[in-house]
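Enquirer: Predicted model and sequence below, questions to follow.
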Amino acid sequence: MNARLRLFIPLLIFAVVALVFLTLEKRIGSGEYDPSNLPSAMLGQSVPAFNLSRLMDAEQVVDAEDIVGQAALLNVWATWCIACRAEHAYLNELASQGVPIFGLNYKDERAAAVQWLQRLGNPYRLNIFDFKGSLGLDLGVYGAPETYVIDAQGIIRYRHVGILDAKVWREKIEPLGLQWAVAQAQGAAL
Amino acid sequence: MGFSLNANAQVAAQGVSKSDELRAFGSTTMRSRYYALINELRCPKCQNQNLSDSDAPIAEDLRNELFSLLDEGYSDQEIRDFMTARYGTFVLYQPPLTRFTLALWLVPLGLLLISGLIIWRMTGKPRGLTDPNFEHHASLQKVGAVNAGIEPISMKVDALDRHIAELERTHEHDK
């Protein structure tokens, strides 16, 4: 009987492997797990120093101090990025609720980007014009859209790759426990 | 033309994009370090390609960055550190041994050990003696003993075959 049972070992191994792949497939299907979603190496670190121009005004310089000071989102976007177009309406909604959003216009053309904001609305407190992608490189950006959650001390707390929507906000960003309510008051004052 | 036919063939074989040919390397060492690194570093966007294979914009940016870092005199390790500081250990095709990559390093060793064990068990001893299923069968044990060379082989091969066939028949009846 023992030898008989032993014949089932390959089947057992198959079942285990099949189960592993099936659960993985299920988690990918539900969006719970995305193999192309890399963990950011920048988590827990400060926003890297940079010195770039504003999207709206090429003469005006922006640096890290301009965006640090309250819990905020740093959204990486570009007009060539189709998913950014899909994300834009939700950013507008967040902005109208008083969530501070800074834009990192990534490897884009200035005129096209300005036109985009005029047409679709501007959810950004200010936009950093990163033509060469240098700040993007320092942040570890590997595509657009990406959204970094920065706390009041300027520490990167979370990075979301892909479209930011209500589900991501509810399940990933809200649990960070940052004080968006304070930001809301500031937003009202601005 | 600065390139020999051979060098061009080599470049084509490595899948190096045209812009790589146009880079002004300060020295041949720098050139070979550049090619070694773009083959060793992984593109963060297109997951199973290295920087030299990938056509993604980010891979091109990283190749440019790599080139300027080499130009500025960074060492190979400093460049690896620069990349991992931004993109994580994912960009290294040779992952360091950490608690997250432990399984990656240990599983192949474990599989090697297990398969070695299986092969050792399969070839080490004659089946008749080790398989407990057959141990209750006294006469078959004798065959096993004959096979193991404990007793001198007195039966001719065809006689042994007949004996085994008979045993199998009686074994069938047992069940």
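Expert: Right, received. Where do you want to start? Numbering: from 1, shown residues only, chains lettered A, B, ... in the order given.
Enquirer: Residue ranges in chain B under the pLDDT threshold?
Expert: B:1-18, B:125-156, B:173-175 (pLDDT under 70).
Enquirer: 80 - rerun?
Expert: Chain B contains residues with pLDDT under 80 at B:1-22, B:47, B:95, B:124-158, B:170-175.
Enquirer: do the same with chain A
Expert: A:1-2, A:31-32, A:35-36, A:39, A:181-190.
Enquirer: can you list the domains in chain A?
Expert: Chain A breaks down into these domains under automatic domain parsing: A:1-34, A:51-189.
Enquirer: just the strands in chain B please.
Expert: Assigned by DSSP state E, chain B shows no strands.
Enquirer: Quick check: residues of it near chain A?
Expert: B:44-45, B:47, B:57-58, B:61-62, B:65, B:84-88, B:90, B:131-133 (C-beta under 8 Å from any C-beta of the partner chain). Where C-beta positions appear, they are placed from N, C-alpha and C, glycine not excepted.
Enquirer: Write the PyMOL selection for whichever of these are buried.
Expert: Of the residues of chain B next to chain A, the buried ones can be selected in PyMOL as follows, counting by 16 or more other C-beta atoms under 10 Å in any protein chain shown:
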select buried, chain B and resi 44+45+58+61+62+65+84+86+87+88+90
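Enquirer: Out of the residues of chain B next to chain A, list just those in helices.
Expert: B:57, B:58, B:61, B:62, B:65, B:84, B:85, B:86, B:87, B:132, B:133 (DSSP state H).
Enquirer: The first one is in contact with residue A:108, isn't it?
Expert: The reference is to residue B:57. No: look at residue B:57 against residue A:108 with C-beta atoms under 8 Å: they stay out of range, at 11.9 Å.
Enquirer: any idea how far residue A:6 is from residue A:160?
Expert: Separation of residue A:6 from residue A:160 (C-beta to C-beta, to the nearest Å) stands at 49 Å.
Enquirer: More neighbours: which of the two?
Expert: residue A:160 (20 against 11; other C-beta atoms under 10 Å in any protein chain shown).
Enquirer: Residue A:152 reaches residue A:179, doesn't it?
Expert: Yes: if you go by C-beta under 8 Å, residue A:152 and residue A:179 touch, sitting 7.3 Å apart.
Enquirer: Can you name every helix or strand that the longest helix belonging to chain B contacts?
Expert: Longest helix of chain B, by residue count under DSSP H: helix B:102-124. If contacts are counted by 3 or more C-beta pairs under 8 Å, 6 or more residues apart in numbering or on different chains; DSSP states H and E, helix B:102-124 sits against no helix or strand.
Enquirer: How much space separates residue B:21 from chain A?
Expert: 22 Å (C-beta to the nearest C-beta, to the nearest Å).
Enquirer: can you redo the domains of chain A as CSV with distance to residue B:168?
Expert: Below are those laid out as CSV (distance: least, C-beta to C-beta, whole Å):
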stretch, distance to residue B:168
domain A:1-34, 14
domain A:51-189, 64
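Enquirer: Pick the most deeply packed of those.
Expert: domain A:51-189 (a mean of 18; mean count of other C-beta atoms under 10 Å in any protein chain shown).
Enquirer: and it, is it in reach of chain B?
Expert: Yes: shown here: domain A:51-189 in contact with chain B (C-beta under 8 Å from any C-beta) through A:107, A:133, A:137, A:138, A:139, A:140, A:141, A:142, A:143.
Enquirer: Now those residues in TSV, please, with extra columns for secondary structure and distance to residue B:157.
Expert: Supplementary listing: the residues of domain A:51-189 next to chain B in TSV, determined by DSSP: H, G, I helix; E, B strand; the rest coil; distance: C-beta to C-beta, whole Å:
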residue	secondary structure	distance to residue B:157
A:107	coil	79
A:133	coil	77
A:137	helix	75
A:138	helix	78
A:139	helix	76
A:140	coil	71
A:141	coil	74
A:142	coil	69
A:143	coil	70
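Enquirer: any idea which of those is closest to residue B:123?
Expert: Proximity of these to residue B:123 (C-beta to C-beta) peaks at residue A:142, which lies at 50.1 Å.
Enquirer: Verify the stated contact: that closest one with residue B:45.
Expert: Yes: in this structure, residue A:142 is within contact of residue B:45 by C-beta under 8 Å, at 4.8 Å.
Enquirer: Find the residues that touch each one of these two.
Expert: residue B:58 (C-beta atoms under 8 Å, 6 or more residues apart in numbering or on different chains).
Enquirer: ok, residue B:30 - contacts?
Expert: B:70, B:71.
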